[in-house]
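**Student:** Fold the stuff below for me.
(one chain, ligands or ions: 1)
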Amino acid sequence: MAKYKVTLDRDKCIGTASCVAVAPKFWELQDDGKIMLLESKLIEETNQWELIIETEQDLLENKEAEGVCPVDAIIVEKLED
Ligand code: SF4
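**Tutor:** Model prediction:
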């Protein structure tokens, strides 16, 4: 499978936890009321959190999270074939 990158713009998050409901393996609400993408890394240049995923199941779950986020804080994009 191609690799995909999941990106979280934490500044946009309004804490609805919709992503947690559909993909709890990846998304966890934190004490400050915003989400965290588990095991992701902070990219300092963009101030966004990124995680590379490589399985169909992980892609499905994160595409669903992307789809339910009301503020477009989650982006899933293909990296390579
Ligand atoms: S669905 Fe969007 S706004 Fe809601 S907690 Fe997840 S990232 Fe934040």
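**Student:** who touches Asp11 in this structure?
**Tutor:** Residues in contact with Asp11, defined by Cβ atoms under 8 Å, 6 or more residues apart in numbering, are Asn47. For glycine as for every other residue, the C-beta is placed from the backbone atoms N, C-alpha and C.
**Student:** Can you verify it is assigned to a strand?
**Tutor:** No - using DSSP: H, G, I helix; E, B strand; the rest coil, the assignment for Asp11 is coil, not a strand.
**Student:** So for it, what's the pLDDT?
**Tutor:** The model reports Asp11 with a pLDDT of 98.
**Student:** Ala23 versus the residue lying closest to Ser18 once chain neighbours are set aside, what's the distance?
**Tutor:** Spatial nearest neighbour of Ser18, chain neighbours left out: Val68 (4.2 Å); criterion: Cβ to Cβ, 6 or more residues apart in numbering. Using Cβ to Cβ, to the nearest Å, Val68 is found at 9 Å from Ala23.
**Student:** ok, those two, which is more surrounded?
**Tutor:** Ala23 (22 against 16; other Cβ atoms under 10 Å).
**Student:** ok, now which ones touch that one?
**Tutor:** 61-62, 64-65.
**Student:** For Cys19, state which of these is nearest.
**Tutor:** Nearest to Cys19 out of these is Ala65 (Cβ to Cβ; 3.8 Å).
**Student:** Pull the contacting residues for the closest one.
**Tutor:** Ala65 neighbours (Cβ under 8 Å, 6+ apart): 18-19, 22-23, 26-27, 74.
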